[in-house]
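[1] sequence-free structure coming up:
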């Protein structure tokens, strides 16, 4: 009986299922009351524009945080921030329409990223492939030594990443006008790569 310690790896690319878009209304004013009033008014304008121009379902929008604080720069007075996010089926037509709308609006910052709704299952598939890779290598080594793999003694691997994939995805059909369709909207979504490494001690006889 012997042992073979070997590593296996696998990497797979997947099409994203959704895009998560995060918007922050960020402005400053002289007094706390004025800053809060302007911030809330601006937020309403942004949400209304998103609803009317791109068809985003406001019921699917999540409030991520809101704050009012005094600035260390005296000329700014107070700073207001309100961040909200929403998800939709990964579609660059929608992404381009939303970014085109927001880039022309003052006091607005945004970011977005693509994700997988069933990432845990995909992580498991990649891990399984990494284990198969390690086993195939070990079997080749064992065969060259006129022995065979009969089991394993130890497996060391990475835990799956924690991902919040339970967010509500906007199901509403987006009504985009012809003026909001661009060449950039025809680009393909970036693929998401998941890679795994595993170290296994195989038992041979």
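    That came through fine. Just so you know, these numbers come straight off a predicted model, no measurement behind them.

[2] CA atoms for contacts and neighbours, from now on please.
    Noted.

[3] any idea which helix or strand carries residue 66?
    If you go by DSSP states H and E, residue 66 is part of strand 62-70.

[4] what average pLDDT does that strand get?
    Across strand 62-70, pLDDT averages out at 94.

[5] any residues touching that strand, and which ones?
    32, 36, 77, 78, 79, 80, 81, 82, 83, 84, 85, 86 (Cα atoms under 8 Å, 6 or more residues apart in numbering).

[6] grab the nearest non-local neighbour of the first one.
    By that I understand residue 32. Nearest residue to residue 32, sequence neighbours excluded (Cα to Cα, 6 or more residues apart in numbering): residue 78, at 5.7 Å.

[7] run through the residues that contact the one you found.
    28, 29, 30, 31, 32, 35, 68, 69, 70, 71.

[8] show me the strands in this protein, by range?
    Ranges of strands within the chain are 2-14, 18-29, 62-70, 78-89, 108-115, 149-157, 169-170, 192-204, based on DSSP state E.

[9] so which of those strands is nearest residue 130?
    Among these, strand 2-14 comes nearest to residue 130, with 4.3 Å by Cα to Cα.

[10] what lines up beside that closest one in the sheet?
    strand 192-204 (antiparallel) (DSSP bridges).

[11] what about the closest residue to residue 90 other than its chain neighbours, how many neighbours?
    Spatial nearest neighbour of residue 90, chain neighbours left out: residue 18 (4.2 Å); criterion: Cα to Cα, 6+ apart. Neighbour count for residue 18, taken as other Cα atoms under 10 Å: 21.

[12] next one: residue 94
    22.

[13] hang on, it packs against residue 54?
    Yes: using Cα atoms under 8 Å, residue 94 makes contact with residue 54 at a distance of 7.4 Å.

[14] and the strand holding residue 66 with strand 78-89, angle?
    170 degrees (axes from the mean of the first three to the mean of the last three Cα atoms, to 10 degrees).

[15] give the buried residues for strand 62-70.
    By 16 or more other Cα atoms under 10 Å, the buried positions in strand 62-70 come out as 68, 70.
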